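[1] Have a look at this prediction, sequence included:
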Amino acid sequence: MTAINIALDGPAAAGKSTIAKRVAAKLSMIYVDTGAMYRAITYHYLQNKSSFTDFKTLISNIQLELKYDEEKGQRVWLQNEDITEQLRENDVTENVSYVASIEEVRTFLVDYQQKLAKEKGIVMDGRDIGTTVLPNAELKVYMIASVEERAMRRLKDNEQRGIASTYEQLKKDIADRDAYDMNRAISPLKKAEDAIEIDTTGLTIEEVTNQIISLANEAIQNA
Ligand code: DC
């Protein structure tokens with residue numbers, strides 16, 4: 001097992017999960033998508049809205065599990081059901097920034113994420129990994145890209161998944177979500193002081209992956 005953890009943060013649709021998956025595969029590390037965990041709680045919240053009282057109760061009844069499938073990668077199970085495919089639906093995306101701003105939700109998930117990373121060998125992507133979840137990660141990368149490029153990438157992604165969307169709407173949603181994530185009170189989206197920033201605008205997936213792999217190899221040697 002690789003003796004380091006990699007924290008990969010950045011705004012919405014910056015390509016973090018695509019890159020994180022490839023870096024993890026090349027270095028025999030495990031990829032953990034923390035956005036999917038916030039999405040899972042959002043899904044649970046939307047499913048239980050009619051009986052919802054407060055987040056503390058919602059969380060105390062939640063059974064959240066990450067499983068790893070050789071072919072499909074990380075799968076998210078909620079109340080004994082694989083809900084991975086539902087996590088990208090529009091109603092989840094529209095509500096996730098709100099749910100992710102709730103203190104009880106963050107405390108619960110940060111604790112879970114820290115436990116997952118204890119044995120090292122994890123590539124974790126999110127918004128607060130370098131600042132809050134893994135402040136001692138051996139490598140921290142902060143990925144950015146222009147909002148236009150991110151909207152275009154998400155549009156292609158949605159087309160492949162069969163999710164209806166338009167470029168203009170995506171651009172607005174991404175900008176709104178960034179503003180919400182950057183301005184929330186608890187663990188806002190922010191570059192950690194010791195993170196290396198990579199602007200991926202105009203770069204290919206291969207170029208970004210290779211940059212991070214060479215940074216990771218350096219970190220592995222220094223570990
Ligand atoms: O990466 P994503 O689009 O799946 O993330 C969904 C939302 O979850 C995002 O708008 C902010 C929130 N999030 C967070 O607050 N902290 C994380 N570590 C990961 C995601």
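    Ah, there it is.
[2] Tell me, how many residues neighbour residue 126?
    By other C-beta atoms under 10 Å, the residues close to residue 126 number 30. Every C-beta, even on glycine, is put in place using the N, C-alpha and C of the backbone.
[3] Could I get the pLDDT score of the nearest residue to it once chain neighbours are set aside?
    Of all residues not flanking residue 126 in the chain, residue 34 sits nearest, at 3.7 Å (C-beta to C-beta, 6 or more residues apart in numbering). Residue 34 carries a pLDDT value of 97.
[4] Residue 34 and residue 165, how far apart?
    Applying C-beta to C-beta, to the nearest Å, the value for residue 34 to residue 165 is 23 Å.
[5] Comparing those two, which shows the higher neighbour count?
    More neighbours surround residue 34 than the other of residue 34 and residue 165, with 23 against 17 (other C-beta under 10 Å).
[6] So what does the more buried one look like in phi/psi?
    phi -80, psi -30 (degrees, to the nearest 10).
[7] In contact with it, which residues?
    Counting by C-beta atoms under 8 Å, 6 or more residues apart in numbering, residue 34 touches 109, 113, 124-127, 129, 133.
[8] same question, residue 56
    So residue 56 contacts residue 104 (C-beta under 8 Å, 6+ apart).
[9] what about it, which helix or strand?
    helix 55-60 (DSSP states H and E).
[10] Serialize the contacts of residue 34 to JSON lines and add fields for secondary structure, distance to residue 196 and pLDDT.
    JSON lines is the format used below for the contacts of residue 34 (DSSP: H, G, I helix; E, B strand; the rest coil; distance: C-beta to C-beta, whole Å; pLDDT from 0 to 100):
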{"residue": "109", "secondary structure": "helix", "distance to residue 196": "25", "pLDDT": "98"}
{"residue": "113", "secondary structure": "helix", "distance to residue 196": "21", "pLDDT": "97"}
{"residue": "124", "secondary structure": "strand", "distance to residue 196": "16", "pLDDT": "98"}
{"residue": "125", "secondary structure": "strand", "distance to residue 196": "15", "pLDDT": "97"}
{"residue": "126", "secondary structure": "strand", "distance to residue 196": "16", "pLDDT": "96"}
{"residue": "127", "secondary structure": "coil", "distance to residue 196": "17", "pLDDT": "95"}
{"residue": "129", "secondary structure": "helix", "distance to residue 196": "14", "pLDDT": "97"}
{"residue": "133", "secondary structure": "helix", "distance to residue 196": "17", "pLDDT": "98"}
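[11] now, among those residues, which is nearest to the ligand?
    residue 126 (2.5 Å; C-beta to the nearest ligand atom).
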